[in-house]
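J.: Below is the sequence, then the predicted model.
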Amino acid sequence: FFFAATMALRALVIIQSLLAAQGLTSLSRFVAAEDYARLDLCLTQALDGPRTRWARAIVKGDVSVDGLICTQKSRAVDAGSLVEAHYVEESTALVAEDIPLDILYEDD
């Protein structure tokens, strides 16, 4: 058991280092309070953000359940499972951009 736990911890450290190198800045870790039929639904209910955001993170391999990386959105999650999600904070702020336009007609 000790060897398996040590290897899992080393794998987690390596994964976190790789994700940090890719610019992933946030880590959310929680224990599932109930059974969920789908992993993306579990993340949506436990964390902020739309379901599509978590679906993308799962497919990219940025989500793990009980230390195992999951790439299937439809994976069931049991109550008491440790879920970890690495993700980039998405900015929803709109920024104005100066676009040169030719005015073809202008009223007085």
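T.: Looks like it came in fine. Residues are numbered from 1 along each chain as shown.

J.: show me where pLDDT drops low in the chain?
T.: Across the chain, the ranges flagged by pLDDT under 70 are 1-25, 88-92.

J.: Mind doing that once more with 80?
T.: Within the chain, the ranges that satisfy pLDDT under 80 run 1-27, 48-49, 86-94, 108.

J.: Check the secondary structure at R29 for me.
T.: Of the three states, R29 takes strand under DSSP: H, G, I helix; E, B strand; the rest coil.

J.: How many residues are close by it?
T.: Other residues within reach of R29 by the criterion other Cβ atoms under 10 Å amount to 10. For every residue, glycine as well, the C-beta is placed using N, CA and C.

J.: Which strand or helix spans the nearest residue to it once chain neighbours are set aside?
T.: Nearest non-adjacent residue to R29, counting by Cβ to Cβ, 6 or more residues apart in numbering: E84, 4.8 Å away. Secondary structure here is read from DSSP states H and E; on that basis E84 sits in strand 82-87.

J.: Can you name every helix or strand that that strand contacts?
T.: Contacts of strand 82-87 with other secondary structure elements, assessed using 3 or more Cβ pairs under 8 Å, 6 or more residues apart in numbering; DSSP states H and E, are made with helix 2-21, strand 26-31, helix 39-46, helix 51-60, strand 63-65.
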